[in-house]
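1. everything below, folded, please.
(chains A, B, C and D)
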There are 2 protein chains.
Amino acid sequence: MSRSRGTAAVNVSEAAPMFAALGDATRLKLLGRLSVDGPLSITRLSEGTKVTRQAIARHLYVLGDAGLLRHARRGREQVWSLDLKRLEKARQYVDQVAAQWDAAAERLRAYVEDR
Amino acid sequence: MSRSRGTAAVNVSEAAPMFAALGDATRLKLLGRLSVDGPLSITRLSEGTKVTRQAIARHLYVLGDAGLLRHARRGREQVWSLDLKRLEKARQYVDQVAAQWDAAAERLRAYVEDR
DNA sequence: ATAATACGCAATGAAAAGGTTGCATAATAC
DNA sequence: GTATTATGCAACCTTTTCATTGCGTATTAT
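-> This next block holds a predicted model:
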């Protein structure tokens, strides 16, 4: 019945910025890349994309502001990686919204079957 | 280990529009309202908000285009409600992205412990 | 019939998002 | 020390987004 993760009550409105950050194909691809290949530099992440390095950098900072990524300087490179702690928080948001929907689905099902 | 729902492979990039639709506080509130109170008209959904009816209507259509809501005419009213089928699809998106993150977390944990 | 209600459509406007180019600066390689 | 590489910064442009106002139309209520 309950989800696999502990889910502290979170104001759904606070989830909006995170969803907004996820609402772009380029950014989703960046997340996917980082989740597969691990920490990478901006230039490395730019290779293979159709937009400029600056555009990629922008997207990375957007994801960073949403708390989904972290960045650390290593020499002349800026290395980006997934932020596990905040990723867990993000998961909580998603779980909570999903749970809300589940509850609604349940009520709607009951309502429909009741006639 | 696996999630509670069956998760057919879905291109993550296709999830972007859905996340974008979720990336607005007003829209999240509308979803919450509909999941609690059931199907409601535009005017009803506008009451208690700080924006105009037209703004709310716009948001509803955005959610509708993302496949999260349906609307049906009832007399002079336009009644909006959650779309269960597509909501399930949305859930699959979320689960898949979350799974991807979980996998990344696992790898990262292994990597860190390996040194 | 007439009034009130619920909505659609269109024009408009301010602000944010997504992307580009050009140039400057810091770090590394040779 | 000079060139190369990786990034930062800033100006600028186009498109979308979010919200508004004004007016028209369809549907119900009286």
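2. list the buried ones in the longest helix anywhere in chain A?
-> In terms of residue count, the longest helix belonging to chain A (DSSP state H) is helix A:84-113. Within helix A:84-113, the residues that qualify as buried by neighbour count (16 or more other C-beta atoms under 10 Å in any protein chain shown) are A:86-87, A:89-98, A:100-102, A:104-105, A:108. Just so you know, the C-beta spots here come from the backbone N, C-alpha and C atoms, and that holds for glycine as well.
3. does it come close to chain B?
-> Yes - judged by C-beta under 8 Å from any C-beta of the partner chain, helix A:84-113 and chain B are in contact via A:84, A:87, A:90-91, A:94, A:97-98, A:100-101, A:103-105, A:107-108, A:111.
4. circling back to that earlier point, of the buried residues of helix A:84-113, which are in range of DNA strand D?
-> Residues of the buried residues of helix A:84-113 in contact with DNA strand D (C-beta under 7 Å from any atom of the strand): none.
5. tell me the pLDDT at the spatially closest residue to residue A:41 that is not a sequence neighbour?
-> Among residues not flanking residue A:41 along the chain, residue A:77 sits closest, at 4.2 Å (C-beta to C-beta, 6 or more residues apart in numbering or on different chains). The model reports residue A:77 with a pLDDT of 97.
6. what is the lowest-pLDDT residue among the residues of helix A:84-113 next to chain B?
-> Minimum pLDDT across the residues of helix A:84-113 next to chain B falls on residue A:111, with 73.
7. not counting sequence-adjacent ones, nearest residue to that one?
-> That would be residue B:38: by C-beta to C-beta, 6+ apart, it lies 7.3 Å from residue A:111.
8. ok, residue A:87 touching residue B:105?
-> Yes - Residue A:87 lies in contact with residue B:105 (C-beta atoms under 8 Å); the separation is 6.8 Å.
9. residue of chain A nearest DNA strand C, please.
-> residue A:75 (2.6 Å; C-beta to the nearest atom of the strand).
10. which stretches of chain A have low pLDDT?
-> Counting by pLDDT under 70, the ranges of chain A that qualify are A:1-10, A:114-115.
11. and stretch A:79-91, how far out from the chain's middle?
-> Taking C-alpha atoms, centre = their mean, to the nearest Å, one finds stretch A:79-91 lying 8 Å from the centre of the chain it belongs to.
12. how about residue A:82, phi and psi?
-> Note on residue A:82: its backbone torsions stand at phi -70, psi 140 [degrees, to the nearest 10].
13. which residues does it bridge with?
-> With DSSP bridges applied, residue A:82 shows beta-bridge pairing to residue A:69.
14. measure it to residue A:75 for me?
-> Per C-beta to C-beta, to the nearest Å, residue A:82 is found 21 Å from residue A:75.
15. the more surrounded of the two?
-> Neighbour count, other C-beta atoms under 10 Å in any protein chain shown: between residue A:82 and residue A:75, residue A:82 has more, with 20 against 7.
16. so who does that one touch?
-> Residue A:82 makes contact with A:31, A:34, A:35, A:68, A:69, A:70, B:101, B:104, B:105, B:108 under the criterion C-beta atoms under 8 Å, 6 or more residues apart in numbering or on different chains.
17. quick one: contacts for the second one?
-> By C-beta under 8 Å, 6+ apart, the contact set of residue A:34 is A:40, A:45, A:69, A:80, A:81, A:82, B:104.
18. thought the fourth one was touching residue A:43?
-> It stands for residue A:80. No - the criterion here is C-beta under 8 Å, and residue A:80 misses it with residue A:43 at 11.1 Å.
19. those two: who's more crowded?
-> residue A:80 (25 against 12).
20. which of the three states applies to that one?
-> strand (DSSP: H, G, I helix; E, B strand; the rest coil).
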